[in-house]
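Engineer: Below are the sequence and a predicted model for it; my questions follow.
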Amino acid sequence: MRTPKKYLDSIDNGVITKEILVDCLYSVNKRAKNCRDKEREYRQEYKNNYYSRYYRWDNSHSYSVRKDEYYDYKEVLLSVVSPTCIHREQQGFERKRIKDIDDYKEYVKHLKANDWVWRNSYYNYEDDIEVHFVDIELKDKPKYRYYLFYDFGMEHTFHSPIDNIEDYPDLKVIDVDKLETAGHDIADLLSMQFVKKVLSLIESGEYSYAG
């Protein structure tokens, strides 16, 4: 998209408006998702196509690097504001592995019940025996991912993954459904040339935020 003149004038005056910040965040976030999708595409092609594997792996790695770069830009932009709360997204359950050599009855029980999520075997050379196992989900032990949530009161909101919610004791934790994210046509996004001007301004520390 063509950068609005009012955006250029604002940045020249050292002022980052909420509208500018949101549009910059949206631009880098969607570019990151585009790279994520291309990375996955090339990784899948790498697995399925023996020929030209180096080419496909090289492209996958290139998109992965660019994706991480865009996410780094996103974190710099988010440093201007404070998160609204923490979103908690369930990511399945913890798993338990049951081997036939450890508990054969339990192994057969789950095998017959067909309640396992992964089944396989491996050869134990030390004991000279084939070991069969099943992985089951522990329904009383859900796994979660946590994200800082940024709500600007506008059309777009943003998430930033975190490892420890203990680092944010004053933020409320809210359960959310599975987060679905997609890329976007870059023709509709702010140019990276402008975004980098905003990033440079933030890193200089010589700006004011009009939120």
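Structural biologist: Nice, I can see it. Numbers count the residues shown, from 1 in each chain.

Engineer: what number of residues lie near the nearest residue to Lys18 once chain neighbours are set aside?
Structural biologist: With sequence-adjacent residues excluded and distances taken as C-beta to C-beta, 6 or more residues apart in numbering, Lys18 is closest to Gly211, at 4.7 Å. Any C-beta I mention is one placed from the backbone N, CA and C, and that applies to glycine too. Other residues lying near Gly211 total 13 when counted by other C-beta atoms under 10 Å.

Engineer: Report the contact partners of Gly211.
Structural biologist: Gly211 is in contact with Thr17, Lys18, Leu21, Val81, Phe152, counting by C-beta atoms under 8 Å, 6 or more residues apart in numbering.

Engineer: Could you identify which of these has the most neighbours?
Structural biologist: Neighbour max across the contacts of Gly211 (other C-beta under 10 Å) = Leu21, 22 neighbours.

Engineer: Quick one: mean pLDDT over the helix ranked longest in the chain.
Structural biologist: For the chain, the helix with the greatest residue count under DSSP state H is helix 18-48. When pLDDT is averaged along helix 18-48, the result is 86.

Engineer: The top strand by length along the chain vs helix 18-48, what angle?
Structural biologist: As assigned by DSSP state E, the longest strand anywhere in the chain is strand 129-151. Here the directions of strand 129-151 and helix 18-48 differ by 160 degrees (axes from the mean of the first three to the mean of the last three C-alpha atoms, to 10 degrees).

Engineer: Bridged to Ser121, which residues?
Structural biologist: His132 (DSSP bridges).
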